[in-house]
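> Need coordinates for the below:
(2 chains)
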Amino acid sequence: SSNEHKLNFKKSKEACLSYIQDALLQKQWKRAAEFLTCYVESLEKDYSREHIGPSEMIWRIGTEILWHHSQSRMKEFNCFMEQMKTLGVKRYLKVCLEHVFHLLCNGQIDEAYQNLSLAESWRCGEQTAIQDKEIKLIQAYRGLLDYCSWSKQKKILLEHGDDGFADLAVEQEMHSYFRKAAVNLKEIIKIPGVWDVFVKCYVDLLEFYGEHNEARQVLNEYAYNSKFPANPNAHVYLYQFLKRQGESKKSLISALKILHDIVPSHELMIDFNTILQKSKKRKKRQLGLEVIFAALDYSGWKENAKAWSCLSRQVKQIVISEKHLDWIKQEWNSRKDWWPDFHFSRYLAKRNWQENKSLSYEKALVAGILLGKDCKYFKYVSHQGCKARLKRFRMLKKFMTRHNPRICG
Amino acid sequence: MEFPAALFPSYFTAGPPREEGGPAPVAGWGEHGQVLEAGPGRRQAQPAFVPRRGATGERWEAAEAAAVPVLLPSAGCWIPSPAPQDILYRSSLCRKLRAGKSGATLDFAKQLGHFFVDHPEDAFGSLGRLLHKNFYLGNAKLKRPARNSTIRMTALLEDIDRLEARRGCPRQHLASRLRWFSHLCRDWLFEVPLGLLADCLHEELAQQWSSLLFDDSLTGGALAWLPPEDGKRPVGRLVHPGGQAMNHLYFQDVVLEELPHARGSPAQFELSGRIRQVAAARVDGQDFVGVRSDYHCGVWRVPGKTGAAPTPLQVIRTDVPASCLTVSPHLPGELSVCTQSGTVYLWSVETGLQQLRHDPQTMFFRDHSPWRWSDFTAHPRVLSCADRTGLQCLDARAPKRCHFDLFKVGEEAGCQQGERVVLPMYLGRAHPSQYLVTTQFSMYVLDERLPLVPVLKWAHMMKAPPLFAHLMPEKPGRSHKVLLGASRTQELLLLQYWGGSQSACQLAGTPQKLHSIAGCLQHLPTQLPHRHHLLQQRLSAPAAGLAATLQEDGPRKSMLIFQLSEAGDVFCQRLIHKATQHPAPPSRDEATTAPGSSPLFEAPASSPHGLSTAALRYRRWLRALSRAWREPPQHTWPPSLSQRRLFTRRDLEGPAGPSSLQKQMRQRLRQTMQEGGRIQRWEPLALQPPPLPQTLELAGGPDPLSNRLTAAWAGDWDQWWEERTSFSVAQRQRALRERRRRQKRARGHRSLSASFTSSLTYQSELSELSDGGPLLLSPGRPPVLSQESSPPAGSPPVRSHPPSPAPDEALLSSQSLRCRGIPKERRKTLRDYLSVWAEGPPEPPELPGSQASQLCFPSSQSQLSSASQPRRKRPRMGF
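Next comes the predicted model:
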């Protein structure tokens, strides 16, 4: 009966698919391609209601094979993609995007641009939400490519600034690129998402044309709109912009403070600490200590010599001045039960000494202040340092005996 | 810790997942996802773009055609867990009913039937005993008076058989007698009320079935690899469970050579539950190994030095099964534990347990699964905790206030409907702030600095959800390797990715499927069908763990992947890094491997044995396995003691037939009898006493120890002690005399055969008579006698049992012989004859039955008693 036939057909289709899958997972591209030619038959009787139908499967598998097959050429790939675009209306934009991505990765920027323009002008009935997103992405990528052309023109213009006639044509072209890019980029960054590339390009365009206010607005929106994900880069871009604009320390600090609240382990925390340490206000300096302590909580900072030297400098200052020892105490209270094992174990003393002497110096100083002279880390490192006749370490020992700080008590 | 200067573009929407979907077989192929301008520092004529997925990765190729066993199979037989066909109802009728509907029907009736048959005592015990008189199982007709109170069951049984025979017959309901019987008995026959029993059984069946569909107790895997310190010596340690119940923990040294092999015997610990998970982390050069079973979690410390013994540190017990145990990579002796009641603990060996959260509800939306997971993050005081709906990070210092959402099953991560978290894992060794989350559809890489938005997402297309994952971190500039493993299907997938600090995260290369344990079956030599079936069952047991290591040997890089199966087998495969990327000649794996063709067993020219090491390994493994099969399972045998251990071989040696002296004597006797002469005197043909037979120790009279044990066994040990201590010497002597008298009297009534016992006494008499001739046939007797009759002064009489009856009894006196009507002239002959007999062990066929053999023993006992003098004294000293 036809039902049975349908079942058998389905079964053999599934078997064929599993063979293909097997071949792909073992990188047997040739074998997979042979099976795929058989699988194409499944398009004929496509009764499936699964969310990935045979036509999508063929697109995905075929693309993968053509990426890796030793004998595939770009021409064949393009040809295959064109065919795939006609295979499903709903998937047209997605296939276009993927095609563009592949062209971009292979350095075929102009072809990619053409494809993007084509895809942008494609219309087919009512758009679904997904298609809407896809078309916005296509426009954004086109904007990105326009921006690339713009910056290329800009470069030419800056390099050949003397040639008056060429100047004008280039400048006009550049302007047209700017307009096209700006329109498209502006659109996408309104929608919540991660748009680092697009925001950077757009801000660059605006800054070039002196529209600083809009640039600031865009960056503020990108950083502080709660509908957007908490992207550290958004704050970084804002901070960098403010720095470029020569803004006041106060606004820089407030930008970095928010970054500190979101990502205490960000690498800009060293800059933040430096700014704060230079500040005359006590509160700022205390915040600086907080920031550097918080950064060193993270395992990624464990062996960061720069961070340790920041901390040791500040802590040493406090100890020498004998003011605000309570700041250290306050920070140390929440850490005293795990920092000794985490940072100041004997094993780490040995290893740091072997691998990075200056790191072990800074750490030993901090350990000595926080835990006293008898702590394993300080003892080991100062002993090794004195044994190696390093002046620094002898000074360190002297310093510790002279000041004998009592944070731990 | 740098953050990538630009991330791949993506939309961000909050809310529940919108995309409908399900398992899609090819969803992971053919997509770049997004592209990003590579390196802003580059000043090229054209911008260069990199894809999120699809960059060329490293090329790794399998060294062998299949995974190879690392350890020999354990001796105990393995009991496979129930298969779907054991639980599900299968019949044509059912299939018709179910056509179109998905969902399984549990074979409830069969299981209930099994219960009744296997545990009749529990099912019908008391009423069965009460009623057994009223049920008749014979074939004969019942007589009148009995018929009033007895049911003939034979007819009912026949009806049941018939019912079985016409299963599916539409006129099935016509078994009225059965219906009548079941109506009558249903309410009172069962020990446990039938409804209750059925409820329990159904619950158990449903649970078995759900664990067959997806068993999350194995999450994380029960295999760990402790790499050598600094990679100096290629000897690492494999931590794995074993034993029949998987309740033994082994720490096995493994040498990494061409094929890794075990070195020495493993350190072994017996635990009180099946090991579900083994987690390990290295802190300050020491490995900490956490082991989770259902109700117990334990932690071991393994010093970094090779060969150092692992030390158990602490064990905790939970009331609710634990579902997760992870070891902190930051601080020594810190772990995190989750239980199925929704509690998360930070467990420190020094300070104990700290409860971080208790919430039986899931975090982001309602899900019925009690599974919880927890792991560490870049901050040693911040722990992630997960359930099926997502991940949150908690600060252990203020768990109620400080937390943030790291991953949500929702539109934020572009999840599908029905997607659930299967395994989260901290990727700290690759990048301090990265996290891996796998679901049944996809794998995600998350960065805790940018929560909720996965920095990498890829549909892994595995047939079963990945319960195991293993990370192999690499130096900057090379791709990190992640292995995903599924349990039921034994799938293994190798992925590569890089980025996270300077550049955005990218998936590199194509995913690669690795050998599963079951895949080696087609390469093995042909087996007998039933062997093949057993082997197949064993090899396709669900995977239970995964571990791997990278090995660098000069320019050669290789990757070793260990896989553990539920049967306790550990298999290993090696992948070799191929530096040359381009034009790859169609290699072996391009050719289809037909079943039966086995490159594994092809003989390479280099090998001296004609087989590769892998093949030799297989051969040994198979041999050990078949040995294990041949040995019948121990528990079916009644408990027995090995005699070989209890007695030395000399003890067990039987009397080696008559000695040469006996032969001589016999010959002489025969000769003399033929001649009609008489033997005046036994000439000392040999001066040495004949060797004492030692066989009969067991049968000997009770020594004090066995006496005491016998008494204790019988329950009147007190009395024995009383007897031993309080009896006065006089009382004892009287008792002895009384007993002797009774024995004498008893002997008087015995037949001739009884007199054989006394031969020795007679002999001693004889030797006394024979004016001081050499004591040939009763060596060492006098000391025994003297000791027994007169215990050394000052020491209380110890022996409560009668002294061995034979020696000093006048047995075959002339008087008693005369009583029996034996003429005088023959008495002497008889004595002579018997004396010869008495010296050797009696020959059984010539003795009348068991009585004789029993009675014969005392004589040898007496000899023995002299031989075992020192032993007799011991108890006295001991008391």
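> Quick one: name the residues of the stretch 301-409 of chain A near chain B.
Taking CB under 8 Å from any CB of the partner chain as the test, the list of the stretch 301-409 of chain A residues beside chain B reads A:W301, A:S334, A:W338, A:D341, A:F342, A:S345, A:Y347, A:L348. Quick note: C-beta positions are derived from backbone N, CA and C, even for glycine.
> Of these, keep whichever come out buried.
A:W301, A:W338, A:D341, A:F342, A:S345, A:Y347, A:L348 (16 or more other CB atoms under 10 Å in any protein chain shown).
> What about those, which are in helices?
Residues of these located in helices (DSSP state H): A:D341, A:F342, A:Y347, A:L348.
> where are the low-confidence patches of chain A?
For chain A, residues meeting the criterion pLDDT under 70 lie at A:1-7, A:44-51, A:161-166, A:405-409.
> Which of the three states applies to the residue lying closest to B:P228 once chain neighbours are set aside?
Spatial nearest neighbour of B:P228, excluding adjacent residues (CB to CB, 6 or more residues apart in numbering or on different chains): B:G236 at 5.1 Å. For B:G236, the reduced secondary structure class is strand; criterion used: DSSP: H, G, I helix; E, B strand; the rest coil.
> Specify which member of the ones in helices among the buried ones among the residues of the stretch 301-409 of chain A next to chain B is nearest to chain B.
Chain B lies nearest to A:Y347 out of those, by CB to the nearest CB, at 3.8 Å.
> Could you export the ones in helices among the buried ones among the residues of the stretch 301-409 of chain A next to chain B to JSON lines, including columns for distance to A:E211?
Compiled in JSON lines, these are given as follows (distance: CB to CB, whole Å):
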{"residue": "A:D341", "distance to A:E211": "53"}
{"residue": "A:F342", "distance to A:E211": "48"}
{"residue": "A:Y347", "distance to A:E211": "56"}
{"residue": "A:L348", "distance to A:E211": "52"}
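> quick one: which two of those are the most distant?
Maximum pairwise distance among these (CB to CB): 11.5 Å, between A:F342 and A:Y347.
> per-residue pLDDT, the residue of the stretch 701-850 of chain B found nearest chain A?
In the stretch 701-850 of chain B, the residue that lies nearest chain A is B:A712 (56.7 Å; CB to the nearest CB). As predicted, B:A712 sits at a pLDDT of 74.
> repeat for B:L834
We have a pLDDT of 60 for B:L834.
> Please name the bridge partners of B:C338.
Counting by DSSP bridges, B:C338 is bridged to B:C324, B:V344.
> From what I see, it and B:L394 are in contact.
No. At 11.9 Å, B:C338 does not count as touching B:L394 under the criterion of CB atoms under 8 Å.
> who touches both of the two?
Common neighbours of B:C338 and B:L394 are listed as B:V344, B:C385 (criterion: CB atoms under 8 Å, 6 or more residues apart in numbering or on different chains).
> neighbour count winner among those two?
Shown here are B:C338 and B:L394; by other CB atoms under 10 Å in any protein chain shown, B:C338 has more neighbours (29 against 23).
> How about the contacts made by the more buried one?
B:A322, B:S323, B:C324, B:V344, B:Y345, B:R372, B:W373, B:S374, B:C385.
> Helix, strand, or coil at the spatially most central residue of chain A?
Within chain A, the residue whose C-alpha comes closest to the C-alpha centroid is A:N233; the distance, by CA atoms, centre = their mean, is 7.2 Å. The assignment at A:N233 comes out as helix when based on three-state DSSP.
> Could you check how far it is from B:A6?
Spatial separation of A:N233 from B:A6 under the definition CB to CB, to the nearest Å is 7 Å.
> what is in contact with the two at once?
Going by CB under 8 Å, 6+ apart, residues that sit against A:N233 and also against B:A6 are A:D196.
> Neighbours of the nearest residue to B:P380 once chain neighbours are set aside, how many?
Taking CB to CB, 6+ apart as the measure, B:P380 lies nearest to B:H330, with 3.8 Å between them; neighbours along the chain are not counted. Here the number of neighbours of B:H330 (other CB under 10 Å) works out to 22.
> do the one 4 residues further on as well
The burial metric for B:E334, expressed as a neighbour count using other CB under 10 Å, is 27.
> Could you do the one 5 residues further on as well?
Here the number of neighbours of B:T339 (other CB under 10 Å) works out to 20.
> show me what contacts it?
The neighbours of B:T339, taking CB under 8 Å, 6+ apart as the test, are B:T318, B:D319, B:V320, B:P321, B:A322, B:S323, B:Y345, B:R372.
> residues in contact with A:K373?
A:K373 neighbours (CB under 8 Å, 6+ apart): A:K379, A:M400, A:T401, A:N404.
> between those residues, which has the most around it?
Going by other CB under 10 Å, A:M400 tops those with 20 neighbours.
> Which of the helices or strands spans it?
helix A:391-403 (DSSP states H and E).
> before we move on, what about A:Q384?
For A:Q384, the host element (DSSP H and E) is helix A:376-387.
> Would you mind listing the buried residues in that helix?
By neighbour count, and taking 16+ other CB under 10 Å as the criterion, the buried residues in helix A:376-387 are A:K376, A:Y377, A:F378, A:K379, A:Y380, A:V381, A:S382, A:Q384, A:G385.
> Give me the angle between it and helix A:391-403.
Computed with axes from the mean of the first three to the mean of the last three CA atoms, to 10 degrees, the direction of helix A:376-387 lies at 130 degrees from that of helix A:391-403.
> helix/strand/coil for B:A504?
Here B:A504 is coil, with the state taken from three-state DSSP.
> Hmm, it is touching B:F8, no?
Yes. Under the criterion of CB under 8 Å, B:A504 makes contact with B:F8 at 5.5 Å.
> who touches both of these two?
Common neighbours of B:A504 and B:F8 (CB under 8 Å, 6+ apart) are B:L36, B:R52, B:V455.
> List just the nearest of these to B:K463.
Out of the shared contacts of B:A504 and B:F8, the member with the shortest distance to B:K463 (by CB to CB) is B:R52, at 24.9 Å.
> Which single residue in the stretch 301-450 of chain B comes nearest to chain A?
Of the residues in the stretch 301-450 of chain B, the one nearest chain A is B:P432, at a distance of 3.5 Å by CB to the nearest CB.
> how about that residue, what does it touch?
Residues in contact with B:P432, defined by CB under 8 Å, 6+ apart, are A:S265, A:Y298, A:S299, A:G300, B:M1, B:A378.
> Can you check my assumption that the last one lies in a helix?
Looking back up the chat, that one is B:A378. No. Remark: B:A378 does not belong to a helix; assigned using three-state DSSP, it is coil.
> Let me know the secondary structure of B:A104.
Per three-state DSSP, the secondary structure class of B:A104 is coil.
> isn't it right next to B:W209, touching?
Yes. Counting by CB under 8 Å, B:A104 does reach B:W209; the two are 6.7 Å apart.
> can you list residues touching both of those two?
Residues touching both B:A104 and B:W209 by CB under 8 Å, 6+ apart: B:L88.
> picking that back up, looking at the contacts of B:P432, which is nearest B:F124?
Distance to B:F124 across these (CB to CB) is lowest for B:A378, with 62.7 Å.
> Need the phi and psi values for that closest one.
Phi and psi for B:A378, reported as degrees, to the nearest 10, are phi -60, psi -30.
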